[in-house]
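[1] Coordinates for the following, if possible.
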Amino acid sequence: MDITSSFTTLLVEDSMSLGALYTEYLRTEGARVTHVNHGGDALNELKRWQPDLLVLDIQLPDMSGMDILETVQADYPDVTVIMITAHGSIDIAVDAMRSGAFDFLVKPFDAKRLSITVRNALKQRQLVDLVAKYESSLPKPHYMGFVGESLAMQTVYKTIDCVANSKASAFIIGESGTGKEVCAHAIHNAGNRRDGPFVALNCASIPKDLIESEIFGHTKGAFTGAVANRDGAATRAHNGTLFLDEICEMDLELQSKLLRFIQTGVFQRVGGTKEEKVDVRFVSATNRMPWDEVKAGRFREDLFYRLHVIPIELPPLRMRGKDILLLASSLLKEYNKEEGKKFKGFSRDAKQCLKTYQWPGNVRQLQNVIRQIVVLNDSELVELDMLPMQLTAGQEVKLDSKEQPEVAAKPEPQQDRGLNRTEPAAPSFLDGIERAAFSGAEQYASKAAEEKSDDIVPLWLTEKQTIEHAIAQCGGNVPKAAALLDISASTIYRKRQTWDELEKSLSN
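    Numbering: from 1, shown residues only. Now for the predicted structure:
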């Protein structure tokens, strides 16, 4: 059932007249409304039943709406909260949003403004419920050496389950440090070759002159230093899995020999004349975009099609959401045991820093950071000042950037090779607004350069026009516009208050 067509609302407003007015507004939207005047009554109602929506006044006769919000967040986290405030208490309302409220309304407001906010809140709730329902049907957060319960990782787990028993070649793509070898082990251990050998070969770490011997082996006297026959990775992986890591680093000449081996299962040792046949399942991996390597002439197209049968793309850590803290906690527990320390968890600020950091080194970098914290400190709680400087410095830059004028940054150009890069997202409605805001800022800058200095518009007014335009394009949805402009919603509310004060001072 569509929650926006029928939903329950608990309205907490001490004014009887305003309460009656807001009740009518909400009923027009399809709400079944229960109205109470005091905070204590609201808490009693919440103990008996939980509404879809809580519309809560900050100023109440018996207690603060902030206290009720704190209780709701702790005991009834599924309830969506919209705060109501007078103009003079906007700072408190901003704090309420930081504490978990979806949005707030400034008195006086009309039915249209309430309708927009309520509909946005319910749509978000509907999406959260849908994601929660889907996630509840998914496996546990630990899988074959992986730690993670995000949707991106659950997709990886499902793919591994589907291909584990197949002999088809799997090709793992992911940035450095995302766990490509862990994924290869998972494919091997989940399949019917789990009792056979798993042989890993890093094509980037072996000199060009030796890699053929490492794969196929060699005979005695095949080259200087070959004092005896030696089995290669292909022979050792018989009836098991051969993992070729950094496959795009392989020399083109050897790629042709590997192609024949993949097609027939037959190979010759270096310096030998006898053909050998083995039964091997191939798993390859790279931190580059393999098709880009094909187009650049660095990777054979026919080999690409032989190896790239089952593609598995590992998401970078920055795209895995709550997995960051899940991994951090798991690593903290592991390193605690190894180092004999007594850490129990992370402080709120430390958690926030870990969640917002971009993690260019992915899981490998997180492992390094947690290990460093455990070794260098002795406490029960990981505090913000225990984190390495590159993490906390990045956090300060990010927070400071939210207070700067909201002109969206242009995406950096892609690197020529590799997955370790920043790529522009696919075009979307939000991108259209972003481009419009950017275009407007550039046009204004160009026009201003041609006009006289006494015709220049104040910076705050240009900033206001850009932000208000984005809000209008988002249908009045401030959080959505804020996300587009890469600032926090609370920043927009504070700026609006500042603009009102400036306009009042200019009119006097």
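
[2] mind listing the strands for the stretch 151-300 of the chain?
    170-173, 198-202, 217-218, 230-231, 240-245, 266-268, 275-277, 280-286 (DSSP state E, counting those that start in this stretch).

[3] pLDDT averaged over the longest one - what is it?
    Averaging the model's pLDDT scores along strand 280-286 yields 96.

[4] so what secondary structure elements neighbour it?
    For strand 280-286, the elements it packs on are strand 170-173, helix 180-190, strand 240-245, judged by 3 or more CB pairs under 8 Å, 6 or more residues apart in numbering; DSSP states H and E. For every residue, glycine as well, the C-beta is placed using N, CA and C.

[5] Now find how far off-centre that strand is within its chain.
    27 Å (CA atoms, centre = their mean, to the nearest Å).

[6] strands paired with it, and their directions?
    Applying DSSP bridges, strand 280-286 is found paired with strand 170-173 (parallel), strand 240-245 (parallel).

[7] ok, and what's touching the last one?
    Residues external to strand 240-245 that are found in contact with it (CB atoms under 8 Å, 6 or more residues apart in numbering): 180-181, 184, 187-188, 193, 196-204, 233-234, 250, 280-285.

[8] So what does the closest residue in space to residue 239 that isn't next to it in sequence look like in phi/psi?
    By the measure of CB to CB, 6 or more residues apart in numbering, the closest residue to residue 239 outside its immediate chain neighbours is residue 196, 4.2 Å from it. Backbone torsions of residue 196, given as degrees, to the nearest 10, read phi -90, psi 180.

[9] what's near enough to touch residue 196?
    Applying CB under 8 Å, 6+ apart, the residues contacting residue 196 are 237-241.

[10] helices and strands around the helix or strand harbouring residue 68, which ones?
    Here residue 68 is covered by helix 65-75, with elements defined by DSSP states H and E. Helices and strands touching helix 65-75, by 3+ CB pairs under 8 Å, 6+ apart, are helix 39-48, strand 53-57, strand 80-85, helix 90-98.

[11] Helix 65-75 and the first one, what's the angle between them?
    What separates the directions of helix 39-48 and helix 65-75 is an angle of 10 degrees, with axes from the mean of the first three to the mean of the last three CA atoms, to 10 degrees.

[12] name the helices or strands packed onto helix 39-48?
    Secondary elements touching helix 39-48 (3+ CB pairs under 8 Å, 6+ apart): strand 7-12, strand 31-36, strand 53-57, helix 65-75.

[13] Just want the angle from the longest helix anywhere in the chain to strand 53-57.
    For the chain, the helix that runs over the most residues, judged by DSSP state H, is helix 111-136. Calculated by the same axes, to 10 degrees, helix 111-136 forms an angle of 130 degrees with strand 53-57.

[14] Given whichever helix or strand comes after helix 111-136, what are its sheet partners and their directions?
    Proceeding N to C from helix 111-136, the next assigned helix or strand is strand 142-143, under DSSP H and E. Strand pairing for strand 142-143, determined by DSSP bridges: strand 146-147 (antiparallel).

[15] how far is the strand it pairs with from where the chain is centred?
    Distance, centroid of strand 146-147 to centroid of chain: 16 Å (CA atoms, centre = their mean).

[16] what about residue 104, how many neighbours?
    The number of residues packed near residue 104 is 25, by other CB atoms under 10 Å.

[17] Residue 108 too?
    Neighbours around residue 108, by other CB under 10 Å: 10.

[18] and if you look at the one 10 residues further on?
    Taking other CB under 10 Å as the criterion, the count of residues near residue 118 is 26.

[19] Could I get the contacting residues of the nearest residue to it once chain neighbours are set aside?
    Spatial nearest neighbour of residue 118, chain neighbours left out: residue 29 (5.6 Å); criterion: CB to CB, 6+ apart. By CB under 8 Å, 6+ apart, the contact list for residue 29 reads 4, 114-115, 118-119.

[20] need these in a markdown table with pLDDT and distance to residue 355, can you?
    Output for the contacts of residue 29, formatted as a markdown table (pLDDT from 0 to 100; distance: CB to CB, whole Å):
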| residue | pLDDT | distance to residue 355 |
| --- | --- | --- |
| 4 | 55 | 30 |
| 114 | 90 | 32 |
| 115 | 90 | 33 |
| 118 | 91 | 29 |
| 119 | 91 | 28 |
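
[21] Residue 378: which of the residues you listed is nearest?
    residue 118 (50.1 Å; CB to CB).

[22] so what's the residue positioned nearest the centre of the chain closest to, chain neighbours aside?
    Compute the mean C-alpha point of the chain, and by CA atoms, centre = their mean the closest residue is residue 319, 2.6 Å away. Sequence neighbours aside, residue 152 is the residue nearest to residue 319 in space, at 6.2 Å (criterion: CB to CB, 6+ apart).

[23] Looking at neighbours, which among the contacts of residue 29 is most surrounded?
    Busiest of the contacts of residue 29 [other CB under 10 Å] is residue 118, holding 26 neighbours.
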